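In: Fold the following for me, if possible:
(one chain, ligands or ions: 1)
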Amino acid sequence: MKSLIRTLALLQRGIGNYIRKKPYCVSFEVTYHCNARCKHCHLGGLIEEHRAMPEIYGERCNQLRPVVAQVSGGEPLLRNDLERIIEALRTPNRAPYIVVTTNGALLTKERFRSLCKSGVDSYSLSLDYPDERHNEFRRVPRLFQRIQKLIKELEPEERNIITISCVVQRDNFRDLIAIAKLAKEWGVNINYSTYTWLRTKDKGYMLTKKDLAEFKLIVARLLDFRKRYKNLFATEYVFGRMIRFFENGFIPDCRAGQTFLIVNPDGTLSPCGLINKKYDTQEEIIQDFSRMNVCGDCNTSIRANSEKPARYLMRDNLWTLLK
Ligand SMILES: C[S@@+](CC[C@H](N)C(=O)[O-])C[C@H]1O[C@@H](n2cnc3c(N)ncnc32)[C@H](O)[C@@H]1O
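Out: Numbering: from 1, shown residues only. As a prediction, this is how the structure comes out:
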């Protein structure tokens, strides 16, 4: 549980941003370089890019004042100055709540602790299968074993700030309960995001209409699991939206650039991680992009969580903070 002062500060930032129409979540994609080549993602390998200094991300964070600062990529742990980036984003006892999203390949116990010392509040650790199939899907040898080893080396209170993040897709939806059970056994949390074909243009990982009856039964069991163990973050509302996305292939009224946005590796802004643009201010994004945006082709967790109605946003975030 976070301190009362911190919880109130995050709540105050959340209410303020709702009123001022500022983003709840900003994802700092600090590099597009990645050490994995995941089958559902277009990123991976070495690329030419300009990476901003940590202070530039700090300035962006002060301008945009999000409730949650997600540090992602590419693979953020490939930046040797990640600790300095976290320090630049952080204001002790205040918002933002800082989450590092990682594939875990470079996350040793020592790096985990050093990043926590810099100000990381939690880790979102990607895992798509409850076993070695994960290695082949991400094309990283022994990745599943490395994640398992790291988690077993950590203290229980350290494990409590890890959330396994699993992308729900056609070839793993029957494994979702096994992944939740594994997270429980490891003493970590679990969350689910929705596959989008926007990254690779591959619609083969989308659940089809035929899969949906079985998927709905699995969701009912996951919601039961959530009630019992309290380590599963996705709510009935989130799963309902996931089902709707797979049913219709579309969710209208995307608020990219408004309730969430991206800071690119070079410090410029994009409305979302799947539409790469270079803006200087949020006002420019709204003027030039958000007002005309009709895209509804994803339901990834940044979108799904930032577009929750205020009552769910408040309830779910308090649940996470007070857990
Ligand atoms: C792009 S990665 C970057 C951070 C880090 N490298 C990692 O793997 O967690 C962030 C998250 O996006 C997810 N992701 C990648 N491709 C996706 C897709 N097509 N649909 C939904 N989520 C996707 C990944 O599984 C990961 O959990």
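
In: In contact with the residue of the stretch 201-323 of the chain found nearest the ligand: list those residues for me.
Out: Per CB to the nearest ligand atom, Thr300 is where the stretch 201-323 of the chain lies closest to the ligand, at 5.0 Å. (Glycine included, C-beta is placed from N, CA and C.) Taking CB atoms under 8 Å, 6 or more residues apart in numbering as the criterion, Thr300 is in contact with Ser193, Thr194, Thr196, Gly273.

In: Name the residues of this structure found near the ligand, please.
Out: 34, 38, 40-41, 43, 72-73, 75, 101-103, 126, 165, 167, 193, 195-196, 199, 300 (CB under 6 Å from any ligand atom).

In: how about 8 Å then?
Out: Taking CB under 8 Å from any ligand atom as the criterion, the chain approaches the ligand at residues 29, 34, 36, 38, 40-43, 72-76, 101-104, 124-126, 128, 138, 165-167, 169, 193-200, 205, 273, 298, 300.

In: returning to that earlier point: so which of the contacts of Thr300 comes closest to Val219?
Out: Thr194 (12.1 Å; CB to CB).

In: Next, work out how far apart that closest one and Glu87 are.
Out: 33 Å (CB to CB, to the nearest Å).

In: Which one's more surrounded, the two?
Out: Thr194 (25 against 15; other CB atoms under 10 Å).

In: Just give the closest residue to the more buried one, not the sequence neighbours.
Out: Asn299 (4.1 Å; CB to CB, 6 or more residues apart in numbering).

In: can you pull the contacts of that neighbour?
Out: Thr194, Thr196, Arg241, Met242, Phe245, Ile251.

In: Quick one: buried ones out of the residues of the chain next to the ligand?
Out: 29, 34, 36, 38, 40-41, 43, 72-76, 101-104, 124-126, 128, 138, 165-167, 169, 193-197, 199, 205, 273, 298, 300 (16 or more other CB atoms under 10 Å).

In: Among these, which ones are in strands?
Out: Judged by DSSP state E, strands contain the following of those: Glu29, Ser72, Thr101, Thr102, Ser124, Leu125, Ser126, Ser165, Cys166, Val167, Ser193, Thr194.

In: Output these as TSV; include the columns pLDDT.
Out: Below are those laid out as TSV (pLDDT from 0 to 100):
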residue	pLDDT
Glu29	98
Ser72	98
Thr101	98
Thr102	98
Ser124	98
Leu125	98
Ser126	98
Ser165	98
Cys166	98
Val167	98
Ser193	97
Thr194	98
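
In: Format those residues as CSV; extra columns: distance to Asp81.
Out: Listed next are those as CSV, based on distance: CB to CB, whole Å:
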residue, distance to Asp81
Glu29, 15
Ser72, 16
Thr101, 17
Thr102, 15
Ser124, 20
Leu125, 21
Ser126, 22
Ser165, 24
Cys166, 29
Val167, 28
Ser193, 27
Thr194, 32
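
In: now, which of these sits nearest Asn80?
Out: Once CB to CB is applied, the member of these that ends up nearest Asn80 is Thr102, at 14.5 Å.

In: ok, the closest residue to Phe250 other than its chain neighbours - contacts?
Out: Closest residue in space to Phe250, ignoring its immediate chain neighbours: Gly296 at 4.3 Å, by CB to CB, 6+ apart. Applying CB under 8 Å, 6+ apart, we find Gly296 in contact with Phe250, Ile251, Pro252, Asp253, Cys254.

In: Gly296 is in what secondary structure piece?
Out: Take DSSP states H and E as the rule and Gly296 turns out to sit in neither a helix nor a strand.

In: pLDDT at it, what is it?
Out: pLDDT, Gly296: 97.

In: Roughly how far does Arg113 sit from the ligand?
Out: 20 Å (CB to the nearest ligand atom, to the nearest Å).

In: from now on call the first residue 51
Out: Right, with 51 as the first residue, what we last looked at is Arg163.

In: Just the element for that residue, please.
Out: Taking DSSP H and E as the definition, Arg163 sits inside helix 159-168.

In: And for Val149?
Out: Secondary structure assignment for Val149, by DSSP H and E: strand 147-152.

In: Tell me what angle that strand forms with helix 159-168.
Out: Put simply, strand 147-152 runs at 160 degrees to helix 159-168, going by axes from the mean of the first three to the mean of the last three CA atoms, to 10 degrees.

In: I'd assumed Thr285 was in contact with Tyr242.
Out: No. Look at Tyr242 against Thr285 with CB atoms under 8 Å: they stay out of range, at 10.6 Å.

In: Please say which of these two ends up with more neighbours.
Out: Tyr242 (23 against 16).

In: Local confidence estimate at the more buried one?
Out: The score at Tyr242 is 98. That number is its pLDDT.

In: now it: how far from the ligand?
Out: Distance, Tyr242 to the ligand, by CB to the nearest ligand atom: 10 Å.

In: Excluding chain neighbours, what is closest to that residue?
Out: Spatial nearest neighbour of Tyr242, chain neighbours left out: Ala284 (4.8 Å); criterion: CB to CB, 6+ apart.

In: and that neighbour, helix, strand or coil?
Out: At Ala284, secondary structure determined by DSSP: H, G, I helix; E, B strand; the rest coil is coil.
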